[in-house]
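Structure of the sequence below:
(one chain, ligands or ions: 1)
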Amino acid sequence: MPTLIVDDLTVDRGGRRVFAGLSFQLQAGHALVITGANGAGKSSLLRTLAGLISPAGGSMSLNGGDSERSLAEHAHYFGHESAVKRALPVRGNLEFWRDFTSPVQTEKFTPTTMQPMEILELLGIGHTADLPAAYLSAGQTRRLALARLFVSPRPLWLMDEPTSALDTASEAQLIGLMNTHLKNGGMIVTATHTELALSPVEPLHLSASIAGDEDAYEFGGTLEDYA
Ligand SMILES: Nc1ncnc2c1ncn2[C@@H]1O[C@H](COP(=O)(O)OP(=O)(O)OP(=O)(O)O)[C@@H](O)[C@H]1O
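Have a look, this model is predicted:
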């Protein structure tokens, strides 16, 4: 069973320690939901897993993954910024992303690969396919960013407050798609300030008040413990 293994991870930003000694394991088919106050380090952890920040210490690996590829290459990062090319048409954005990002397979991961138009229709923005992405509303841009995850399947989704800017119906649809990814043997690490109806879930709470201390996180328990 593919497993994400994070061991004794320490992350600094701007010369300041954000967290230290963070360890957890996440099995395929499970979601890790990170909670914590503003500035606790949720985004920093996601960006580190995505290979965008070099850790000050510790290790991260995907046991059972493709040994020829880095952890970051097994992942899609869905962060605060949309990573959408505004001058390109909406469909062109997805075609670029599909060609630029190679799909990655792991044992027991059975994703459904979609064509750009298919996922645009599914997310309710098929009618915008030929418009420059700059014309999209905030929520539509967010959906386009989300569509990238389906044109080039990768097992690990790193998602920073994934439901922000989405209306209620889109939020429910996203949760459904995230649960399908888990059922397909994918894994999700997500930061959130709201409850996400994902299953099965492992909670990780980061504490800003004691950031830098080895006790600055708690892994395990239930989300309700941190409500
Ligand atoms: N580019 C940066 N340079 C220096 N320090 C940074 C940078 N980005 C974030 N930080 C600092 O790192 C710490 C953790 O920030 P991070 O964005 O990871 O927190 P967060 O838990 O995601 O917060 P939020 O809930 O507000 O999104 C904060 O103290 C923040 O000021």
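
tell me which parts of this structure are close to the ligand?
With Cβ under 6 Å from any ligand atom as the criterion, the chain meets the ligand at residues Arg13, Gly14, Val18, Gly36, Asn38, Gly39, Ala40, Gly41, Lys42, Ser43, Ser44, Ala191. Heads up, the C-betas are built off the backbone N, CA and C, glycines and all.

rerun that using 8 Å as the cut-off
Contact residues (Cβ under 8 Å from any ligand atom) of the chain with the ligand: 13-16, 18, 34, 36-47, 80, 160-161, 191, 193, 206, 208, 211.

Out of those, which end up buried?
Among these, those scoring as buried are 18, 34, 36, 40-47, 160-161, 191, 206, 211 (criterion: 16 or more other Cβ atoms under 10 Å).

out of these, which one sits closest to Arg143?
Using Cβ to Cβ, Glu161 is the member of those that sits closest to Arg143, with 14.8 Å.

so what's that closest one up against?
Residues near Glu161 by Cβ atoms under 8 Å, 6 or more residues apart in numbering: His80, Ala191, Thr192, His193.

okay, it: pLDDT?
At Glu161, the model reports a pLDDT of 95.

can you count the residues close to the residue lying closest to Leu49 once chain neighbours are set aside?
Nearest residue to Leu49, sequence neighbours excluded (Cβ to Cβ, 6 or more residues apart in numbering): Leu158, at 5.5 Å. Around Leu158 there are 26 other residues, counting by other Cβ atoms under 10 Å.
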